[in-house]
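**Q** Next input, structure requested:
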Amino acid sequence: MKRLSRLQSLGLIAFLVFVWGASWPIYKIALDYTPPLLFSGMRTLFGGLLLTVLLFPRRHLIRWKQNYQVYLISAALNVVLFFGLQTVGLLHMPSGLFSVLVYLQPVLVGIFAWMWLGEPMTTSKLIGLIIGFMGVVTVSAGGFSGHIAVVGIIIALGSGISWALGIVYIKKEGHRVDSLWLVALQFLLGGIVLTAAGSMTEEWTSIVWNASYLFGLVFGILIGIIASWAVYFKLVKSGGASQVASYTFLVPLIAVFSGTLFLKEPFTINLVIGLILIGLSIYLVNHKSAALKQVQKVTRSQH
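**A** Got it, this is the predicted structure:
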């Protein structure tokens, strides 16, 4: 895939971080009126179905027989396990601590990309990933109160691990499939599983079809699913997986800012400290040493 320019990458990353960060308070409001698993299932299923309809004239790009493994594995890791475990896990522990454990994902992506994709793991990148995780911990520290179940911790770690594995898998195998069809089919297939699971464990009659719920659902389908994941996969497939993942450290920060602005949640010094740590993390992960730049320059000249 053609690599994006630095300006294009930064623009797409800014859009992605803003959307994912703003999604937390929007979904939090909507969840007051719907069972969680059905909400996740409907967002993913309808998002995948709508994109499938829009892409139907280009159905020849699916090449199901050659690529069905990519679609199924991506759906399992990035939708069923990630969204499913995330929804169930929030029932067992405070959202602040849960988000910290899930956002261990960029650190795991850096490690997995080094192990399986051959991306360089420099000292500055490793330190940057650790500092970024510390920034997430700092931002989310206010959510550490409340009952914490061991099963919740295990589920949260499972959610982060499945997301990290899903992204590294797409970076490795995504070149085989069309990016938009990958988004459509992973959410269509994963959404069927999540909706079925919700139908068996929750009550459809518990949904309150008011403006807050409908806004959260429509936002989730159009922006939270279709637009944001198409952008995310484009970024991952066109650049370093660990570098793209490092920017997702900003998502909890935006989420807390959004909660402060729209839900009147408290603004604390933790936000300021977290912002500094996350900013330093992104710089270290994306900074290339002079030696590495020279190696890459020589490599490009040889091709």
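**Q** So, low pLDDT: which residues of the stretch 1-150 of the chain?
**A** Where the stretch 1-150 of the chain drops to pLDDT under 70, the residues are 1-3, 90-91, 93-100, 139-149.
**Q** do that again at 90, thanks
**A** 1-14, 16-32, 36-37, 83-150 (pLDDT under 90).
**Q** those helices in it, which residues are they?
**A** Secondary structure of the stretch 1-150 of the chain by DSSP state H, counting those that start in this stretch: the helices cover 6-30, 36-55, 64-75, 82-89, 95-102, 105-112, 123-139, 150-173.
**Q** tell me the angle the second one makes with helix 6-30.
**A** What that stands for is helix 36-55. Relative orientation of helix 36-55 versus helix 6-30 (axes from the mean of the first three to the mean of the last three C-alpha atoms, to 10 degrees): 140 degrees.
**Q** what packs against helix 36-55?
**A** helix 82-89, helix 179-201, helix 211-219 (3 or more C-beta pairs under 8 Å, 6 or more residues apart in numbering; DSSP states H and E). The way it works is simple: take the backbone N, C-alpha and C, and place the C-beta from them, glycine included.
**Q** and Thr268, which of those is closest to it?
**A** helix 82-89 (24.1 Å; C-beta to C-beta).
**Q** Show me the contact partners of that closest one.
**A** 36-37, 39-40, 44, 98, 102, 152, 155-156, 158-159, 162-163, 166, 190, 193-194, 197 (C-beta atoms under 8 Å, 6 or more residues apart in numbering).
**Q** go with 7 Å
**A** 36-37, 40, 44, 98, 102, 152, 155-156, 158-159, 162-163, 166, 194, 197 (C-beta atoms under 7 Å, 6 or more residues apart in numbering).
**Q** so of the helices of the stretch 1-150 of the chain, which one's packed in deepest?
**A** Counting by mean count of other C-beta atoms under 10 Å, helix 105-112 has the highest mean neighbour count of the helices of the stretch 1-150 of the chain, with a mean of 25.
**Q** from the middle of its chain, how far away would that helix be?
**A** 12 Å (C-alpha atoms, centre = their mean, to the nearest Å).
**Q** How about stretch 152-165?
**A** For stretch 152-165, the distance to the chain centre is 12 Å (C-alpha atoms, centre = their mean).
**Q** which residues sit against that stretch?
**A** 77-78, 81-82, 85-86, 88-89, 92-93, 98, 101-105, 108-109, 112.
**Q** Lowest average pLDDT across the helices and strands packed on helix 36-55?
**A** Ranked by mean pLDDT, the helices and strands packed on helix 36-55 bottom out at helix 82-89, which scores a mean of 82.
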